[in-house]
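# Next input, structure requested:
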Amino acid sequence: MPYLTQLADVARRTGFPVTEVAGWQTRGHGPQPQVQGIVCHHTAGLAAGGDYPSLAVVRDGRPGLDGPLSQFGLGRSGHIYVIAAGRCWHNAPSTSTMHTNSASLGIEAENDGTQPWPDVQKDAYIRLCAELCREFGLPASRVKAHREVNSSKPDPHSIDMNDFRAAVAALIQGAPAPDPSSWTEEIVKQLPMIRPGDDSFDVKTVRGCLFARGRVPLSAYAQVGLEDWLKSTRCDPGLVELVRGFQQAEGIGADGVVGPKTWPSLLRV
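Have a look, this model is predicted:
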């Protein structure tokens with residue numbers, strides 16, 4: 001099997017934003033010999049730092065292990081990074097012959113190993129696995145957690161892989177993924193105005209998006225912890241100030257209200 005130069009096109013079928021990391025089409029430890037499985041990882045990288053602070057490590061490697069370490073990176077916002085088209089050092093030693101480096105593709109999702117998973121990131125994770133299964137003719141059962149095919153690994157933490165695979169299977173059997181050119185617009189149509197003092201689950205989406213964009217300093221959640229901060233449904237004064245800062249940086253009217261002009265910038269990378 002040659003270098004898998006179709007991977008960016010496969011990723012775009014998910015409907016999520018895709019970045020082709022420079023040089024990806026010829027990056028790898030030689031060509032990918034075959035694709036018999038998919039291995040899901042978390043990066044164990046920085047707790048903060050924006051959408052995908054682990055990119056350089058996944059692309060270039062770390063002391064004792066040369067990069068690339070995975071074909072795909074997955075940001076906190078659901079943004080997919082296509083890093084390599086060849087073989088990557090993402091799972092060795094493998095307990096499954098179908099999930100060795102030479103037989104499988106790896107996806108490194110940004111998470112420090114303890115953080116809650118944003119819903120948008122989990123959705124992109126499932127959709128990417130489903131599209132890869134479609135492309136290479138794999139059943140959902142070939143999607144494995146790193147911990148399932150390497151006894152010394154814990155990742156991806158807290159994801160129930162039986163539920164995950166069921167969701168992948170449902171997508172494989174169901175309708176095609178949405179048109180990538182319109183996914184943000186369709187989501188925005190369904191989102192309400194978020195004003196200071198509001199209390200709703202949509203506020204959690206605002207918090208998660210701001211965090212993924214690197215707009216949440218450690219001081220914002222130092223007293224309550226990141227998990228509780230992300231779970232809060234209250235549009236409190238601290239969150240309003242973060243929204244204003246984001247709006248100012250994006251050239252949007254800095255009124256602290258998340259509406260039709262602010263949602264697209266929060267959701268689109």
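
# can you give me phi and psi for T95?
When read as degrees, to the nearest 10, the backbone of T95 gives phi -90, psi 0.

# Any figure for the gap between it and H146?
The gap separating T95 from H146 is 11 Å, by CB to CB, to the nearest Å. (Each C-beta comes from the backbone N, C-alpha and C, glycine too.)

# Which one's more surrounded, these two?
H146 (22 against 13; other CB atoms under 10 Å).

# got a list of what the more buried one touches?
39-41, 90-91, 153-156 (CB atoms under 8 Å, 6 or more residues apart in numbering).

# show me where pLDDT drops low in the stretch 101-250 of the chain?
Along the stretch 101-250 of the chain, the model assigns pLDDT under 70 to residues 175-190.

# Sketch out the strands for it, chain order is fine.
Ranges of strands in the stretch 101-250 of the chain, per DSSP state E, counting those that start in this stretch, are 104-109, 143-145.

# Relative to H29, tell me which of these wins on proximity.
Taking CB to CB, strand 104-109 is the member of the strands of the stretch 101-250 of the chain nearest to H29, at 12.1 Å.

# Skip the chain neighbours and tell me the closest residue to T14.
R127 (4.0 Å; CB to CB, 6 or more residues apart in numbering).

# ok, now A169?
Looking at A169 with CB to CB, 6+ apart, the closest residue is A140, at 3.8 Å.

# ok, now how distant is C235 from P118?
The value you get for C235 to P118, if CB to CB is used, is 18 Å.

# that older thread, what residues are up against the residue nearest to A169?
Here A140 is in contact with 129-130, 133, 165-166, 168-169, 172 (CB under 8 Å, 6+ apart).

# Pull out the buried residues from those residues.
Neighbour counting by 16 or more other CB atoms under 10 Å classes 129-130, 133, 165, 168-169 among the contacts of A140 as buried.

# Pick the one among the residues you listed closest to A222.
C129 (35.1 Å).

# Quick check, the closest one in contact with V143.
Yes. Using CB atoms under 8 Å, C129 is in contact with V143, at 4.8 Å.

# thinking again about what came up before, and for the residue nearest to T14, the neighbour number?
For R127, the neighbour count with other CB under 10 Å is 22.

# Show the contacting residues for it.
The neighbours of R127, taking CB under 8 Å, 6+ apart as the test, are 14-16, 171, 177.

# returning to that earlier point: among the contacts of A140, which are located in helices?
129-130, 133, 165-166, 168-169, 172 (DSSP state H).
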